[in-house]
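>>> here is my input, please return the structure:
(2 chains)
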Amino acid sequence: DGGITQSPKYLFRKEGQNVTLSCEQNLNHDAMYWYRQDPGQGLRLIYYSQIVNDFQKGDIAEGYSVSREKKESFPLTVTSAQKNPTAFYLCASSNPGLAGDTQYFGPGTRLTVL
Amino acid sequence: GNSVTQMEGPVTLSEEAFLTINCTYTATGYPSLFWYVQYPGEGLQLLLKATKADDKGSNKGFEATYRKETTSFHLEKGSVQVSDSAVYFCALDAGGTSYGKLTFGQGTILTVHP
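Coordinates of the predicted model:
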């Protein structure tokens, strides 16, 4: 089955620790995205990558880092510099060459800082 | 900049009632418009989309028409079911250099009672 997988589903972290969230896709999509979702709010874009070995900051990139070494993978690291990291994190992918191309989402990772 | 505004929720309906969730947008050019649905604890799924003015997107009994004159993309369903209870997000892809990047509304929580 084609799709996007995110792991783990739940993640707990102590303050001051970095943590990496996994995102893998087998849809052969060029572009991948990371969003943050907080209660009662829409999704906010953290980082996106339109091609391997290239990525750009989204609207709320501070305290986060990413890499895109393979087309299938786009891991997100939440660093200790992120002041309020507790949130639901969603990864997505698409082929944005066509207008209105759909973004496909993974099931999400819920990060809780203790 | 680009923005999406959804009607505030939550929305609570009885089964078989008519549903409307309003969505208006601000964007330059000719954006593509989307409705996504999120069930509890899950990622987002595309519900329907429209890529040009006067297009009607439809899926699972839901419909939305791209109205450029009113910059709107309201979601409607004639008879809701309990299984439609979820969070609904309106989004746009402004195209151009923003190709593939989505701007989301804040989401509308829908609860349908038997």
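>>> ok now do the closest residue to chain A within chain B, which residues does it touch?
Going by Cβ to the nearest Cβ, chain A is nearest to B:G100 of chain B, at 2.7 Å. C-beta coordinates here come from the backbone N, C-alpha and C atoms, glycine included. Residues near B:G100 by Cβ atoms under 8 Å, 6 or more residues apart in numbering or on different chains: A:A31, A:Y33, A:Y48, A:Q50, A:S94, A:P96, A:D101, A:Q103, B:D93.
>>> swap the cut-off to 6 Å and go again
By Cβ atoms under 6 Å, 6 or more residues apart in numbering or on different chains, the contact set of B:G100 is A:A31, A:S94, A:P96.
>>> chain B: helices as residue ranges?
In chain B, no helices are found when defined by DSSP state H.
>>> residues of chain A that sit close to chain B?
Residues of chain A found near chain B (Cβ under 6 Å from any Cβ of the partner chain) are A:31, A:41-43, A:90, A:94, A:96, A:99-100, A:102-103, A:105-108.
>>> just the element for the most centrally placed residue in chain A, please.
Geometric centre of chain A, nearest residue: A:W34, 2.7 Å, by Cα atoms, centre = their mean. Using DSSP states H and E, the element containing A:W34 is strand A:31-37.
>>> what about the strands in the chain?
Unless you meant another one, I'm taking chain A. Taking DSSP state E, the strands of chain A run over residues A:4-7, A:10-13, A:19-25, A:31-37, A:43-51, A:54-57, A:64-66, A:76-78, A:87-94, A:104-105, A:109-113.
>>> you looked at the wrong chain, it should be chain B
Assigned by DSSP E, the strands in chain B fall at B:3-6, B:11-14, B:19-21, B:23-26, B:32-38, B:44-50, B:56-59, B:62-65, B:75-77, B:86-93, B:102-104, B:108-113.
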